[in-house]
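Undergrad: Need coordinates for the following:
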Amino acid sequence: MTQSHFAWLAPDIHFAWVGADVVVLDVRQDRYLCLVDGAEAIQPGSAAAAASAATVSIAVRDPETLDVLRQAGLVDPTTPTLPRTLACPARAALMPGDGPSASALLRAVANAVASTAAFKRSDLKTLIAHASAWRRRPLQGAVQPAARALDAFSAMLPWMPCEEDCLQRAYMLRHHLHANGLSATWIFGVRTWPFLAHCWVQIDDVVVGDSVERVSGFTPILAV
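TA: This is a model prediction of the structure:
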């Protein structure tokens with residue numbers, strides 16, 4: 001770009017750069033948009049932040065493109081956007097192990113009932129607000145407690161009507177980890193051609209209940 005026009009992303013709007021395309025997540029409308037070949041005209045305000053799904057600003061090649069984005073409600077040229085959570089690159093995975101104790105399984109069931117009820121009555125924006133409000137705790141030494149929590153969650157999951165729904169499953173797992181005193185990040189990722197969206201849970205760079213191979217095929221667009 002010879003001259004850039006900068007703007008802040010509107011609240012609840014998230015961008016991801018996937019090859020030559022720009023993918024937009026509009027949390028307010030619970031929808032994705034793909035700006036095909038959009039990367040030629042639209043660049044992240046910070047390359048490091050874009051790679052971690054924390055982008056809050058963009059640089060646009062021409063004022064006409066900026067005006068189209070503004071009219072669509074995707075950007076705000078004047079109002080700064082609040083900082084966003086970083087998505088750490090996934091480097092390891094935590095998978096279910098030994099069977100849980102009876103008490104841990106009962107806690108997992110109770111957590112699942114509560115989170116399923118919240119999921120069913122909430123839109124995407126409300127779910128993200130819930131997850132954002134859960135207090136973050138220090139993560140040192142969290143892997144073993146997370147493994148025990150995951151064992152109970154995985155044993156309970158086949159009995160819940162969400163086995164193929166990554167959105168509900170990740171929300172429930174994020175809630176379950178929080179209820180067990182653990183901080184985690186709920187990450188949304190996208191890919192194109194064909195377009196696919198996926199979400200998963202991480203503790204730092206450790207994927208919980210999913211595989212590094214799978215999630216690495218997606219570009220983070222939102223981290224909560």
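
Undergrad: hey, C-alpha coordinates of the helix or strand bottoming out on mean pLDDT in the chain in PDB?
TA: Lowest by mean pLDDT, DSSP states H and E among the helices and strands of the chain is helix 47-51, with a mean of 84. Backbone C-alpha positions of helix 47-51 (Å, rounded to 0.1, in the frame of the first residue of the first chain) are rendered in PDB as follows:
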ATOM      1  CA  ALA A  47       0.500  -8.100  11.900                       C
ATOM      2  CA  ALA A  48       1.400  -9.600  15.300                       C
ATOM      3  CA  ALA A  49      -2.100  -8.900  16.700                       C
ATOM      4  CA  ALA A  50      -3.700 -10.300  13.500                       C
ATOM      5  CA  ALA A  51      -1.900 -13.600  13.900                       C
END
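
Undergrad: So which residues of this structure form strands?
TA: Here the chain has its strands, by DSSP state E, at 5-9, 13-18, 21-26, 31-35, 42-44, 57-60, 75-76, 92-94, 185-191, 196-203, 206-208, 219-223.

Undergrad: Export the ones you listed as JSON lines, with columns for mean pLDDT, mean neighbour count and distance to residue 151.
TA: In this view, the C-beta of every residue, glycine as well, is placed from N, C-alpha and C. Converted to JSON lines, the strands of the chain look like this (pLDDT from 0 to 100; neighbours: other CB atoms under 10 Å; distance: least, CB to CB, whole Å):
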{"stretch": "strand 5-9", "mean pLDDT": "93", "mean neighbour count": "18", "distance to residue 151": "39"}
{"stretch": "strand 13-18", "mean pLDDT": "97", "mean neighbour count": "23", "distance to residue 151": "32"}
{"stretch": "strand 21-26", "mean pLDDT": "98", "mean neighbour count": "21", "distance to residue 151": "32"}
{"stretch": "strand 31-35", "mean pLDDT": "96", "mean neighbour count": "15", "distance to residue 151": "33"}
{"stretch": "strand 42-44", "mean pLDDT": "95", "mean neighbour count": "21", "distance to residue 151": "39"}
{"stretch": "strand 57-60", "mean pLDDT": "94", "mean neighbour count": "21", "distance to residue 151": "42"}
{"stretch": "strand 75-76", "mean pLDDT": "92", "mean neighbour count": "21", "distance to residue 151": "44"}
{"stretch": "strand 92-94", "mean pLDDT": "93", "mean neighbour count": "17", "distance to residue 151": "10"}
{"stretch": "strand 185-191", "mean pLDDT": "97", "mean neighbour count": "24", "distance to residue 151": "20"}
{"stretch": "strand 196-203", "mean pLDDT": "96", "mean neighbour count": "21", "distance to residue 151": "15"}
{"stretch": "strand 206-208", "mean pLDDT": "95", "mean neighbour count": "23", "distance to residue 151": "11"}
{"stretch": "strand 219-223", "mean pLDDT": "97", "mean neighbour count": "23", "distance to residue 151": "25"}
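
Undergrad: Between those strands, which one is closest to residue 134.
TA: strand 185-191 (9.7 Å; CB to CB).

Undergrad: Paired strands for the closest one, with orientation please.
TA: Strand 185-191 pairs in its sheet with strand 196-203 (antiparallel), strand 219-223 (antiparallel), by DSSP bridges.
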